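Colleague: Quick check, what structure comes out for this input:
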Amino acid sequence: MEGVNADIMQSGLQRLWAKRQGTILGHMLEIRDEILDQGQCASSFDNQPTDGELLGDGVKSRNEARYMEKELADTSDPEKISVPSAFNSLTTANLKISDWSIEETSVVNLDGADLNDFPAKYSVPLLRPYEFAAVGVWIHPNIVPGFKYKVRPIENKERTRFLFDNRALELMSIGRGYSRRLTFEASPGLLNDNENYFWTDSMPSGYAFQVHVVSVGDNFTVFDANNVAVATIEVTKIPNAQREVDHEVVKNGEVRKNVEVTMLCKVDWFYKEDSSAITPVTGIAVASKLPRGSAKLIKILDASIGFIPCRGYTLIPGVDDKQRQLVLNGRSIGDAPTMYTMTGLEPYELPVIGTYVDPRIMPGFHYKVRPTGHKDYLFEGNALQLVNIGMGYGKRMTFKPDSHNLNNNTNFFWSDSYPEGYGFEPQAVFCGMKFDVMDDTQRIGEATVFRSDNPQIEDQQCIVKGTTGVTVTKYIHVDVTCQVMLKSDKSDNESHSVRVSGTAVVVKYSKQNESKLLYIDNVGLSSKLNLVFMNQKSHIIFQAK
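Modeller: Got it, this is the predicted structure:
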């Protein structure tokens, strides 16, 4: 050991013997996990150890490490026989920490005979671990029509150049023959003039394909380990390449891919105050493609969310508003300090549960009532006028009785009758209502509602206290279908079926039991008439008769 720094050797031997006992590997894996867990978006992958830092505090450079390995190769001491192999394992374990996204192999040799094709041989340089090659007759088996790919020509250039304006496009077909045409989806508006294709022998070194299963703008619902929806996320950026880790073809011809993804997302937690924060998210995306059609993203498994990752989430594509959980506090409305959690409420429904009654629910207005979690409405789906809201823990919600049961009203329930709560949907416009179509103050026609099954959403409520009492005005967005007859059509007795949307103004005056629809403002018509009125700068309203 002459000529070797004793401190370095002592420290190095201690680490090697620890490695041999199985302790150092766990330590290195913990370091690797800690580095990856910090997840500071893409920056965490840039702060990797340099060559001189790979072996920790005891060994300061690769040259010292090689010298120590040479010295330890002396097998005269029986205790040293396993040291070199342990040393190599340690070095390998450290090298695995390096970022897969920047690793490159110098040359890849490809043989078409391996794919039962023409026995043409190719040498492809600069192929990254997450890329698949396509050159001449050799097309990697994992390149499958129906999936999206980013494609770059394989070139000896520092700057990476992607085809199709750096977009990931769906591969539509793979041609036949020695030179195979790869056709991708057409650009918008160019379906009959598709220029998104190339031949595999157009570049001498071929093309590199990166699979792409998650795109910017995708939305997901986040489920925890108990399969409870806890958040929604929207993908805002994908900083790294998406790496395929598994490819499987099942008996029915279905192709399944598992793809490792890293993305930046806007996370909207249901329970946390730091809502809509931009957060790194990682996971394994599971995509599937049937024999016909395009590939679909099924879910993202083992998702980690946050700069200090919270693990164990599952991301399901799409946002289901019914999964959103609403936390209600009676103290916020000046009632009993009770708290409830409601699941399955539609965005346009107002909550009622236990002692809690949404303050926007007022007697005199009409509501459709649905127990949360059920499709069927109470009262045979009719929107009834709310007559009274009782007092106490279980508040009695009393509605207008049927015409044949005036003295035996059965249209009521208690707010705590159903533990999951109720959703109240306001209703301003009903089938059969008639309106005068007004252009400012001039009557130009009439309209009759014959369909009103779309949800009606309360936009605003205005309460005015006067000397005679309280006047409540509600502004409710409606989307109905009407039979419209204009004055010019009366001679022909011809009406037009028109979809009408706008804001219904409903008022309940003081000392009156029932609200009244005044008119529909901000009218939009699904007809050419809408263009005529806009060009004439007409102010159209539907005034209730």
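
Colleague: continuing past whichever strand or helix holds residue 256, what's the next helix or strand?
Modeller: Assessed by DSSP states H and E, residue 256 sits inside strand 255-269. With elements assigned by DSSP H and E, the helix or strand that comes after strand 255-269 is strand 277-289.

Colleague: So what angle separates the directions of that next one and strand 255-269?
Modeller: With axes from the mean of the first three to the mean of the last three C-alpha atoms, to 10 degrees defining the directions, strand 277-289 sits at 160 degrees from strand 255-269.

Colleague: Mind listing the strands strand 277-289 pairs with, and their directions?
Modeller: Next to strand 277-289 in the sheet, as set by DSSP bridges, lie strand 255-269 (antiparallel), strand 296-305 (antiparallel).

Colleague: Which one, of those strands, ends up nearest to residue 332?
Modeller: Nearest of the strands paired with strand 277-289 to residue 332, taken as C-beta to C-beta: strand 255-269 at 19.4 Å. C-betas here are computed from N, CA, C, even on glycine.

Colleague: Which parts of stretch 246-258 count as buried, going by neighbours?
Modeller: Neighbour-count burial for stretch 246-258, counted by 16 or more other C-beta atoms under 10 Å, picks out 247, 255, 257-258.

Colleague: Show me the shaky parts of the protein.
Modeller: Applying pLDDT under 70 to the chain picks out residues 1-105, 158, 272-276, 321-323, 488-494, 529-532, 534-537.

Colleague: chain center to the strand ranked longest in it, what's the gap?
Modeller: Secondary structure of the chain read by DSSP state E shows that its longest strand is strand 469-486. Put simply, strand 469-486 sits 34 Å off its chain's centre (C-alpha atoms, centre = their mean, to the nearest Å).

Colleague: Same question for stretch 341-358.
Modeller: 24 Å.

Colleague: Please list the outside residues in contact with that stretch.
Modeller: Under the contact criterion C-beta atoms under 8 Å, 6 or more residues apart in numbering, stretch 341-358 has outside partners 229, 321-328, 330, 333, 335-336, 338, 340, 360-361, 367, 370, 372-373, 389, 393-395, 397, 415-416, 420-426, 455-458.

Colleague: Which members of these are classed as buried?
Modeller: Counted by 16+ other C-beta under 10 Å, those give 229, 323-324, 326, 328, 330, 335, 340, 361, 367, 370, 372, 395, 397, 415-416, 420-426, 456-458 as buried.

Colleague: Outline the domain layout of the chain.
Modeller: 6-98, 105-212, 219-319, 325-425, 434-544 (automatic domain parsing).

Colleague: The last one: end-to-end distance?
Modeller: Pointing back at domain 434-544 there. Start-to-end span of domain 434-544 (C-alpha to C-alpha, to the nearest Å) is 6 Å.

Colleague: and that domain, how far out from the chain's middle?
Modeller: Going by C-alpha atoms, centre = their mean, where domain 434-544 is centred and where its chain is centred differ by 37 Å.

Colleague: What of the second one?
Modeller: On the basis of C-alpha atoms, centre = their mean, the separation between the geometric centre of domain 105-212 and that of its chain is 29 Å.

Colleague: Spatially nearest residue to residue 485, not counting backbone neighbours?
Modeller: residue 495 (4.4 Å; C-beta to C-beta, 6 or more residues apart in numbering).

Colleague: wait, doesn't the one you found sit right on residue 450?
Modeller: No: if you go by C-beta atoms under 8 Å, residue 495 and residue 450 don't touch, sitting 10.3 Å apart.

Colleague: Comparing the two, which shows the higher neighbour count?
Modeller: residue 495 (17 against 13; other C-beta atoms under 10 Å).

Colleague: quick one: that one from residue 544, how far?
Modeller: 19 Å (C-beta to C-beta, to the nearest Å).

Colleague: Could you do residue 412 as well?
Modeller: Residue 412 sits 28 Å away from residue 544 when distances are taken as C-beta to C-beta.

Colleague: now residue 348
Modeller: Applying C-beta to C-beta to residue 348 and residue 544 gives a distance of 22 Å.

Colleague: same check, this time on residue 182
Modeller: Using C-beta to C-beta, residue 182 is found at 62 Å from residue 544.

Colleague: picking that back up, which positions within the longest strand of the chain qualify as buried?
Modeller: Neighbour-count burial for strand 469-486 flags 472-482, 484-485 (criterion: 16+ other C-beta under 10 Å).

Colleague: So residue 436 sits against residue 545, correct?
Modeller: Yes: using C-beta under 8 Å, residue 436 makes contact with residue 545 at a distance of 6.3 Å.

Colleague: hmm, back to that, between residue 182 and residue 544, tell me which one has more neighbours.
Modeller: More crowded of residue 182 and residue 544, by other C-beta under 10 Å: residue 182, with 23 against 18.

Colleague: OK, contacts around that one?
Modeller: When contacts are taken as C-beta under 8 Å, 6+ apart, residue 182 is in contact with 134, 171, 173-175, 197-200.

Colleague: the strands in the stretch 51-200 of the chain, which residues?
Modeller: With DSSP state E, counting those that start in this stretch as the criterion, the stretch 51-200 of the chain has strands at 105-111, 121-127, 132-135, 138-139, 148-153, 169-174, 181-184, 197-199.

Colleague: Which among those is found nearest to residue 294?
Modeller: Closest to residue 294 of the strands of the stretch 51-200 of the chain is strand 169-174 (C-beta to C-beta; 6.0 Å).

Colleague: Pull up the pairing partners for the closest one, direction included.
Modeller: strand 148-153 (antiparallel), strand 181-184 (antiparallel).

Colleague: Going by neighbour count, which residues in the shortest one are buried?
Modeller: For strand 181-184, the neighbour count (16+ other C-beta under 10 Å) marks 182-184 as buried.

Colleague: pull the CA atoms of that strand into CSV?
Modeller: The C-alpha trace of strand 181-184 is given here as CSV (Å, rounded to 0.1, in the frame of the first residue of the first chain):
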residue,chain,number,x,y,z
ARG,A,181,-43.9,5.5,-45.7
LEU,A,182,-44.9,6.5,-42.2
THR,A,183,-48.1,8.6,-42.3
PHE,A,184,-49.2,10.8,-39.3
